[in-house]
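# I'll drop the sequence and a predicted model, then ask my questions.
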Amino acid sequence: MSVVDTDSIDAIGMEKEARRVFLSIIDSLVWDHDDVHLFTLQEKINTYLYFIESGELVNAFPDAEGFDIAIELILKHMPTDQAITFFDKTTQILLDKGIIFVFGPNKNAGYAEQHS
């Protein structure tokens, strides 16, 4: 799965001790100047939000009931300034809904070099 599969959830993990569910988005797209990447990412986040708010998350993972929820965006390429602005707005919108939003590089590989 990846960010381009806008109608699906890429990965789900649970930290039972921390009582947190992570819904991960795997984003390997290069940042473009036409905002196609940002629009794709926005569609993907909306899919995740629907999955959470509709109750599908708890139906699929009953153990997640009452857990904190985090959407984790794993980026292959370092985000542009415009992307960072989008992430800041997304963070606030999701936080208002009680959802944590985190983003960054793959923890093991870091960011790949940007080629556009």
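The structure has been received and is ready for your questions.
# residues in contact with the helix ranked longest in the chain?
Criterion DSSP state H: the longest helix present in the chain is helix 36-53. Residues outside helix 36-53 that contact it (CB atoms under 8 Å, 6 or more residues apart in numbering): 3-9, 23, 25, 27, 29-31, 56-57, 69, 71, 73, 82-83, 86, 90, 94, 97, 99. In this view, the C-beta of every residue, glycine as well, is placed from N, C-alpha and C.
# so the most centrally placed residue in the chain, which state does it fall into?
Averaging the C-alpha coordinates of the chain gives a centre point, and the residue nearest to it by CA atoms, centre = their mean is Leu73 (3.7 Å). Under DSSP: H, G, I helix; E, B strand; the rest coil, the three-state class of Leu73 is strand.
# chain neighbours aside, what residue packs nearest to it?
In space, and not counting its chain neighbours, Leu73 is closest to Phe103: 3.9 Å by CB to CB, 6 or more residues apart in numbering.
# tell me which element the one you found is part of?
Secondary structure assignment for Phe103, by DSSP states H and E: strand 99-105.
# which other helices and strands contact that strand?
Applying 3 or more CB pairs under 8 Å, 6 or more residues apart in numbering; DSSP states H and E, we find strand 99-105 packed against strand 68-75, helix 81-96.
# helix or strand for Val58, which one?
Assigned by DSSP H and E, Val58 belongs to helix 56-60.
# kindly export that helix (C-alpha atoms) in PDB.
Output in PDB follows, covering the C-alpha atoms of helix 56-60 (Å, rounded to 0.1, in the frame of the first residue of the first chain):
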ATOM      1  CA  GLU A  56     -14.600   1.100  11.300                       C
ATOM      2  CA  LEU A  57     -11.400   1.200  13.200                       C
ATOM      3  CA  VAL A  58     -13.000  -0.100  16.400                       C
ATOM      4  CA  ASN A  59     -15.100  -2.600  14.400                       C
ATOM      5  CA  ALA A  60     -11.900  -4.000  12.800                       C
END
